[in-house]
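**Q** here's my sequence, what's the structure:
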Amino acid sequence: MTANDIIGDARVARVRELKTALAAAKAQLAQVEAERDALLAHTHLAAIVLRDFEQLAPDGQFRIIDGWNAILRGRNVSKLTSEDISRLKAEYLAGLGIAQLVKSSNGRHSPAPASSVADERDLPAAGSHLPVANWLVFDGSEENSYRSGSYRVTYTGGTGPHRADRLILDYVHAAKLLGFDTSRIAVETADKPLARKVAALGAVLAVGCQHGASQPEHPKTSERITPNRLAGRTIQDG
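**A** This is a model prediction of the structure:
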């Protein structure tokens, strides 16, 4: 092998290394752009809930509930039909006294009954006298947010997994950046990665409890819950 051959082989190897590095950089850029887009999409939803948090009493606790995680806790999702899951959700919301979304003739969702729900455009006096102290977050194909009594219900919109998780995490992160006391935020989830991340931001974890207040719990003692991944299923938002 001549010196020119060695130099040529070295150049080819270097080009391959550069191509690999370029592909990795493109993948990282795509991930950052996806995270940026997700954060921008969540900004206005999180802003509404930050307002709810501000309106609580100074020592009031704000509870965030990972919706599908709470409803499907301990269940074998693979054995449930879409109708089963929608029924379980309806029963869960009814148990909390939360009005559900109904689909109108124009295809849009709206809360019902209207007398028990304050729309985002209403002033506080037009809705319930109770402050919003509980936030229930769902993955949902259509973005929506409404309140019912002391609860706010939000559907993330979009597609793909972990949308509710990301919205919850972005919210707690935003609250910390804005100087709020994140120890007043209690997150109810058994999703261990999400639990670790919100705990690192100062939020406490809450034991799942359909009625009454939740009690703080350390992430290492959280009960194990079957993951609420609903890939391949169509679940109605309402």
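**Q** buried residues, stretch 75-90. List them.
**A** The neighbour-count check on stretch 75-90 (16 or more other CB atoms under 10 Å) flags Val77, Leu80, Ile85, Ser86, Lys89 as buried. Backbone N, C-alpha and C define where each C-beta goes, glycine included.
**Q** please name the nearest non-neighbouring residue to the last one.
**A** Once flanking residues are discounted, Lys89 sits nearest to Ile71: 5.4 Å by CB to CB, 6 or more residues apart in numbering.
**Q** so who does the one you found touch?
**A** Counting by CB atoms under 8 Å, 6 or more residues apart in numbering, Ile71 touches Ile85, Leu88, Lys89, Tyr92, Asn228.
**Q** switch the cut-off to 10 Å
**A** Counting by CB atoms under 10 Å, 6 or more residues apart in numbering, Ile71 touches Ile65, Ile85, Leu88, Lys89, Ala90, Glu91, Tyr92, Leu93, Leu136, Phe138, Gln210, Asn228.
**Q** ok, so of these, who is nearest His44?
**A** Taking CB to CB as the measure, His44 lies nearest Phe138 of those, at 16.9 Å.
**Q** the most centrally placed residue in the chain and Ser145, how far apart?
**A** Centrality entry for the chain: nearest residue to the mean C-alpha point is Ala164, 2.0 Å, by CA atoms, centre = their mean. From Ala164 over to Ser145 the distance is 12 Å, taken as CB to CB, to the nearest Å.
**Q** strands of this structure, residue ranges please.
**A** Counting by DSSP state E, the segments of the chain that form strands are 62-66, 101-103, 109-111, 134-138, 144-148, 151-155, 185-188, 204-206, 216-217.
**Q** ok, which of those strands comes nearest Ala195?
**A** That would be, of these and by CB to CB, strand 204-206, which comes in at 5.6 Å.
**Q** direction included, what does the closest one pair against?
**A** When sheet partners are counted by DSSP bridges, strand 204-206 sits next to strand 185-188 (parallel), strand 216-217 (antiparallel).
**Q** worst mean pLDDT among the ones you listed?
**A** Note on those: lowest mean pLDDT is at strand 216-217, with a mean of 42.
**Q** next one: phi and psi at Pro58?
**A** phi -50, psi -30 (degrees, to the nearest 10).
**Q** can you tell me the average pLDDT over the helix of greatest length in the chain?
**A** Counting residues, the longest helix found in the chain (DSSP state H) is helix 3-54. For helix 3-54, mean pLDDT rounds to 84.
**Q** next, the distance between the ends of stretch 136-145.
**A** End-to-end distance of stretch 136-145 (CA to CA, to the nearest Å): 10 Å.
**Q** which parts of that stretch are buried?
**A** Quick answer for stretch 136-145 (16+ other CB under 10 Å): Leu136, Val137, Phe138, Asp139, Gly140, Glu142, Glu143, Asn144, Ser145.
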